[in-house]
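Visitor: Need a 3D model of the following:
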Amino acid sequence: MPPFEGQLTDREIWAVLAFIKSKWPEPVLRRQTMIDRRTREAGR
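Guide: This is a model prediction of the structure:
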């Protein structure tokens, strides 16, 4: 989205993403944790 280019720093983007993730319901958070774990294990 070019009109928004340069509006947020990388750190601010990560903060926004962390905030959004903090609002996920517990079942979604558990599912994402499982996906993250599998992805990391596959990369070894």
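Visitor: ok now the helix or strand hosting residue 27, how far from the chain's centre?
Guide: Using DSSP states H and E, residue 27 sits within helix 26-42. From the chain centre to the centre of helix 26-42 is a distance of 12 Å (C-alpha atoms, centre = their mean, to the nearest Å).
Visitor: ditto for stretch 18-37
Guide: For stretch 18-37, the distance to the chain centre is 9 Å (C-alpha atoms, centre = their mean).
Visitor: What is the helix holding residue 27 packed up against?
Guide: Taking 3 or more C-beta pairs under 8 Å, 6 or more residues apart in numbering; DSSP states H and E as contact, there are no helices or strands that helix 26-42 lies on. Glycine gets a C-beta too; all of them are placed from N, C-alpha and C.
Visitor: Tell me the buried residues in that helix?
Guide: Residues of helix 26-42 include none that count as buried (16 or more other C-beta atoms under 10 Å).
Visitor: Against residue 41, how distant is the residue nearest the centre of the chain?
Guide: Central residue of the chain (C-alpha atoms, centre = their mean): residue 17, 5.0 Å from the mean position. According to C-beta to C-beta, to the nearest Å, residue 17 stands 22 Å off from residue 41.
Visitor: From residue 36, how far off is residue 3?
Guide: 32 Å.
Visitor: Burial check on the nearest residue to residue 29 once chain neighbours are set aside, number of neighbours?
Guide: Of all residues not flanking residue 29 in the chain, residue 21 sits nearest, at 7.4 Å (C-beta to C-beta, 6 or more residues apart in numbering). For residue 21, the neighbour count with other C-beta atoms under 10 Å is 11.
Visitor: Where does pLDDT dip in the protein?
Guide: 1 (pLDDT under 70).
Visitor: go with 50
Guide: Along the chain, no part satisfies pLDDT under 50.
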